[in-house]
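Engineer: model the structure of this input:
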Amino acid sequence: MAKNKTTETESSVADFIEAVPDATKRADSYEILRLMQEKTGFEPKMWGPSIIGFGSYHYKYDSGHEGDAPLVGFSPRSSAITLYIPGFPNSEERLAALGKHKSSKACVYIKKLKDVDINVLSDMIVDSVEFIKNKYPSSLQ
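Structural biologist: Prediction:
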């Protein structure tokens, strides 16, 4: 079985954010960091070279693939800020209320934090953490 490439590292979160070339994305990253830390209660950690994650859990899929992942996280990518929010109830309604974004199964992509409703994002973070805690209760770290 292939090893998961995205694992927790000892790299500096602050150094990573400071290296983000776009000033708006850098400022938004600090705000998202503050929000995710406040809502999860976990310190930020780097996962791989470019994901900032909060908390962790161990997952195992029906296919047999398993690994560790952050409860929630984000990455200030060149095209958009990727928010890793793996599960939350009423996702269609929440996404409709969020504001300007794109989404995939477990990710939400935003250009700027001011494009979204911070209260909706905050609720999505909290609900996602609760979803993961309920789905993988014995694997939280």
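
Engineer: buried set for the lowest-mean-pLDDT helix or strand in the chain?
Structural biologist: Every helix and strand in the chain was compared by mean pLDDT, DSSP states H and E; the lowest is strand 57-60, with a mean of 84. Within strand 57-60, the residues that count as buried by 16 or more other C-beta atoms under 10 Å are Y57. In short, each C-beta sits where N, CA and C put it, glycine included.

Engineer: hmm, who's touching the very next helix or strand once past that strand?
Structural biologist: Note on strand 57-60: by DSSP states H and E, the next helix or strand toward the C-terminus is strand 66-69. By C-beta atoms under 8 Å, 6 or more residues apart in numbering, the residues outside strand 66-69 that reach it are 4, 6-8, 47, 53, 56-60, 86, 141.

Engineer: one more time with 7 Å
Structural biologist: 4, 7, 56-60 (C-beta atoms under 7 Å, 6 or more residues apart in numbering).

Engineer: quick check: the farthest pair among those residues?
Structural biologist: Based on C-beta to C-beta, the longest span within those runs between T7 and K60 and measures 16.0 Å.

Engineer: can you redo the contacts of strand 66-69 as CSV with distance to A106?
Structural biologist: Putting those into CSV (distance: C-beta to C-beta, whole Å) gives the following:
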residue, distance to A106
N4, 15
T7, 17
S56, 15
Y57, 13
H58, 16
Y59, 11
K60, 16
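
Engineer: which among these gets closest to R94?
Structural biologist: Nearest member of those to R94, counting by C-beta to C-beta, is Y57, at 21.0 Å.

Engineer: thought the closest one was touching Y136?
Structural biologist: Yes: if you go by C-beta atoms under 7 Å, Y57 and Y136 touch, sitting 4.8 Å apart.

Engineer: show me the shaky parts of the chain.
Structural biologist: Scanning the chain for pLDDT under 70 picks out 1-5, 88-90, 139-141.

Engineer: ok, which stretches of this protein are strands?
Structural biologist: 44-47, 51-54, 57-60, 66-69, 72-76, 81-84, 102-103, 107-110 (DSSP state E).
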